[in-house]
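Asks: got a predicted structure plus its sequence, pasted below:
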Amino acid sequence: MLPHAGGADILHGDRALQAAELIMPAINGKGGPQRMVQRAIRRLENFTDPVDYLRSAAASSILRPGGTLATLPLDMRLAIEMAVNEETERCALEGEMWLLELAWREAEEIAAIADDLTVSPEVEVKLQQMRRKREAGS
């Protein structure tokens, strides 16, 4: 739940992640002492996925009196910020991988066209025979 001047909204999924990405640095200010950062890291180590930690933290937040992010302990807030950053980076890397895969497919298509332009019909027949022979042997 995200309280604001006009009331409150319940956010889920990507919208919740985006809101937390903007809100947590403001709530956490300049971070915390090293011992709090270490506690935050230990909290995250108990989860294999940062999203699982965020779900757990959200449940804890709702159960607390007041139920806001700002009322959570500092180490928990730092862990939330770390988890949000980790998930955002993962999503960005997945997006970059998708673009690389697309570029790779396009390059293969162009290479295939270029190959067809330079291969004589006799060589193409021989290549097809060799491919069939290789596939039959596999």
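Replies: Arrived safely. Every value quoted in this text rests on a predicted model; they were computed, and no experiment measured them. Numbers count the residues shown, from 1 in each chain.

Asks: from now on I want contacts and neighbour counts done on CA atoms only, so please keep to that.
Replies: Noted.

Asks: in this protein, which helix has the most residues?
Replies: helix 74-118 (DSSP state H).

Asks: what residues go with each domain of this structure?
Replies: 2-94, 107-137 (automatic domain parsing).

Asks: so which of those is the most surrounded?
Replies: domain 2-94 (a mean of 15; mean count of other CA atoms under 10 Å).

Asks: next one: it to chain centre, how far?
Replies: Relative to its parent chain, domain 2-94 has a centroid offset of 15 Å by CA atoms, centre = their mean, to the nearest Å.

Asks: swap in stretch 108-128?
Replies: On CA atoms, centre = their mean, the centre of stretch 108-128 falls 40 Å from that of its chain.

Asks: report the rounded mean pLDDT for the longest helix of the chain.
Replies: For helix 74-118, the mean per-residue pLDDT is 81.

Asks: counting contacts, what elements does that helix pack onto?
Replies: Packed against helix 74-118 by the contact rule (3 or more CA pairs under 8 Å, 6 or more residues apart in numbering; DSSP states H and E) you find helix 13-28, helix 34-45, helix 50-63.

Asks: angle of that helix against helix 13-28?
Replies: Using axes from the mean of the first three to the mean of the last three CA atoms, to 10 degrees, the inter-axis angle of helix 74-118 relative to helix 13-28 is 130 degrees.
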